[in-house]
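> Coordinates for the following, if possible.
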Amino acid sequence: MRKMLTSAWILAVALTGALVLAGCQEARPTVEAPLPPPVVVTVTDSLSHCTVALPTGARETSDLFIERTAPAEVTLGQVFAVDIVVTNLTGHAINAVDITDHGGTTFNLDSSTPPVTTLDNSGCYHWALGTLAPHETRTIKVSGTATGLGVLRNCASGTYEQKTCCVGINVVQPKLTLTAEAPPEVLRCDPIPVRYVVTNTGTGTAHHVVIKNDLPANALTSDGRKAFIADVGELPAGSRRAFDGVLKATDVGTINNSSMATADGNLAANAVTCTVVKAPVLKITKTAPAMIYLGRPISYDITVTNTGDGDARQATLVDNIPPGARLVSATNNATSNAAGAITWNLGTLKPGATVRANVVVQADAIGDLQNTAVARAFCAEAVSAEAKTAVRGIPAILLEMVDLTDPIEVGNVETYVITITNQGSATDTNVVVKGILEDTMGYDSCGGATAGTFDGVSTVTFAPLPALAPKAKAVWTVKVKALKPGDVRFKTTLTSDQLTRPVEKTESTNFYR
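Sure, this is the predicted structure:
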């Protein structure tokens, strides 16, 4: 039979492995106490484990073996479990086995199996296990929470030889903070970069940290998802992790965006960003004369305005000269290409800004010209405006007449040559020429572009010329005989569909005897 020690010992073992003597209702020895048996402590990343063999410290020469296992680290307020395993090392029964647990001032017991037998005035819990059969093992399961930060010294001892097995439990409280940064203002087409930074400002590692950003209705991620998620994983105390996301706006307005970081132990932190989404809106007008005569320049006035609330960046204005017209001039340093496109680089148009441009062209032919201008900018819908101009022609008749012989002797024949030239841009139609003789003249004959007839009195009328094209000429002749001497006059009149009144021409000839 191994010798029993008459005094009770409590052995407190810190995480560092140092040995400390402490007592729960400690019995003062009446005789010199033996040295306490050695305690074996092992600590891993997740568990603290200590063992002690009573009374000698060696299993081969001891009666009772106590093992204590607890987490190496717990979160403040989080429930954790401690196991105390008591084994009878002998081949005979051990009676009146009593286990005492000193949980420490920052430990709160929630429950145990078996239940606590007594709780003494110094805060120690007692389990009266009674008799342990030979080699019998019993386990006491303790569940509790840490109520303060720092190292929680949690010790167990037995009344048999009063040998105490203690483990040090590091009580921590990780804490998350989350920040999010996004630009305060963007255009609808701009990417929206967002930086999320999560930091553990507490003590101890935060486990299974996740950042999640459920996006509002007017935003998506750049790849079209409704949420941005970043798996952070483990976040040691004092460390931080940054993640970058890219969003896109689905509409103009304000994006109020809330994100959250979470971790085990109901840890959570929030961050909010606010981004105003704007858009440029272009408006264009174009004016030109509705009708103009061929040969006259056509001036187009173009106005471009940004009526939206966002900058119209990289704005351009293009005016396409239609076929049948050529460029005369363009304002504001415009450039042109071989295809007839006139381009203005307008730069950035601020909201409410207006730019004016002018282009002048000349039509090459009669007809309707339709000229279109288009304004474009980054993130703005292209807008266009057109102007139609009717290009019309106008005839311009030149009536010329000469006498071939002047003066002329009475009795001879004088020839008058009548020439009509269309100097205008339109065809003259139904052209009628008449020659009128004075009484000193006698009709001889006529000819030319159309046939003529004499009325027998004084007038030669030529048949109507159906059409006289622009730049075309028509010639007629009238021959008369000089009847009397004098300063005589031969008169020609011209009418047409395009003339509102007759054109007259008189030629003076000197008849002599």
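> Restricting to C-alpha, output stretch 217-231 in PDB.
Presented in PDB, the C-alpha positions along stretch 217-231 are these (Å, rounded to 0.1, in the frame of the first residue of the first chain):
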ATOM      1  CA  ALA A 217     -31.400  47.400 -57.600                       C
ATOM      2  CA  ASN A 218     -29.400  50.000 -59.700                       C
ATOM      3  CA  ALA A 219     -26.000  48.200 -59.500                       C
ATOM      4  CA  LEU A 220     -24.400  44.900 -60.600                       C
ATOM      5  CA  THR A 221     -20.800  43.600 -60.400                       C
ATOM      6  CA  SER A 222     -18.800  44.000 -63.600                       C
ATOM      7  CA  ASP A 223     -19.600  40.400 -64.500                       C
ATOM      8  CA  GLY A 224     -23.400  40.800 -63.900                       C
ATOM      9  CA  ARG A 225     -23.800  39.400 -60.400                       C
ATOM     10  CA  LYS A 226     -26.000  40.800 -57.700                       C
ATOM     11  CA  ALA A 227     -23.500  40.400 -54.900                       C
ATOM     12  CA  PHE A 228     -19.800  40.800 -54.300                       C
ATOM     13  CA  ILE A 229     -18.300  38.200 -51.900                       C
ATOM     14  CA  ALA A 230     -14.800  37.900 -50.600                       C
ATOM     15  CA  ASP A 231     -13.700  34.900 -48.500                       C
END
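> And that stretch, what's buried?
218-221, 228, 230 (16 or more other Cβ atoms under 10 Å). No exception for glycine: its C-beta is placed from N, CA and C like everyone else's.
> what do you get for stretch 389-399?
Buried, per 16+ other Cβ under 10 Å, within stretch 389-399: 389, 391-393, 395, 397, 399.
> Turn those into JSON lines, columns for pLDDT, distance to Thr273 and secondary structure.
Formatted as JSON lines, these follow (pLDDT from 0 to 100; distance: Cβ to Cβ, whole Å; DSSP: H, G, I helix; E, B strand; the rest coil):
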{"residue": "Thr389", "pLDDT": "94", "distance to Thr273": "54", "secondary structure": "strand"}
{"residue": "Val391", "pLDDT": "91", "distance to Thr273": "59", "secondary structure": "strand"}
{"residue": "Arg392", "pLDDT": "89", "distance to Thr273": "63", "secondary structure": "strand"}
{"residue": "Gly393", "pLDDT": "85", "distance to Thr273": "67", "secondary structure": "coil"}
{"residue": "Pro395", "pLDDT": "85", "distance to Thr273": "74", "secondary structure": "coil"}
{"residue": "Ile397", "pLDDT": "90", "distance to Thr273": "79", "secondary structure": "strand"}
{"residue": "Leu399", "pLDDT": "94", "distance to Thr273": "85", "secondary structure": "strand"}
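> got a markdown table for those, with distance to Arg153 too?
Shown next, in a markdown table, are those (distance: Cβ to Cβ, whole Å):
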| residue | distance to Arg153 |
| --- | --- |
| Thr389 | 99 |
| Val391 | 104 |
| Arg392 | 109 |
| Gly393 | 112 |
| Pro395 | 119 |
| Ile397 | 124 |
| Leu399 | 130 |
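> so which of those residues comes closest to Asn170?
Nearest to Asn170 out of the buried residues of stretch 389-399 is Thr389 (Cβ to Cβ; 89.2 Å).
> Pretty sure the closest one sits against Ile298.
Yes - counting by Cβ atoms under 8 Å, Thr389 touches Ile298, with 5.4 Å between them.
> Could you pull out the residues contacting both of these two?
Contact with both Thr389 and Ile298 is made by residues 288-289, 292, 363, 369, 371, according to Cβ atoms under 8 Å, 6 or more residues apart in numbering.
> between those residues, which is nearest Tyr125?
If you rank these by distance to Tyr125 using Cβ to Cβ, Asn371 comes first, at 98.2 Å.
> can you map out the strands along the stretch 251-400 of the chain?
Along the stretch 251-400 of the chain, counting by DSSP state E, counting those that start in this stretch, strands occupy 253-263, 267-278, 282-287, 291-293, 297-306, 312-320, 325-330, 335-336, 341-349, 354-363, 367-377, 380-392, 397-403.
> for these, which one sits closest to Ser112?
Distance to Ser112, taken as Cβ to Cβ, is lowest for strand 267-278 among those, at 28.3 Å.
> CA atoms only for that closest one, dumped as PDB, please.
What follows is strand 267-278, C-alpha atoms only, in PDB (Å, rounded to 0.1, in the frame of the first residue of the first chain):
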ATOM      1  CA  LEU A 267     -18.800  39.000 -35.200                       C
ATOM      2  CA  ALA A 268     -20.000  41.500 -37.700                       C
ATOM      3  CA  ALA A 269     -19.100  45.000 -39.100                       C
ATOM      4  CA  ASN A 270     -20.800  47.200 -41.700                       C
ATOM      5  CA  ALA A 271     -19.700  49.800 -44.200                       C
ATOM      6  CA  VAL A 272     -21.700  52.100 -46.500                       C
ATOM      7  CA  THR A 273     -20.700  53.900 -49.700                       C
ATOM      8  CA  CYS A 274     -22.800  56.400 -51.700                       C
ATOM      9  CA  THR A 275     -22.100  57.000 -55.400                       C
ATOM     10  CA  VAL A 276     -24.100  59.400 -57.600                       C
ATOM     11  CA  VAL A 277     -24.600  58.100 -61.200                       C
ATOM     12  CA  LYS A 278     -25.000  60.800 -63.800                       C
END
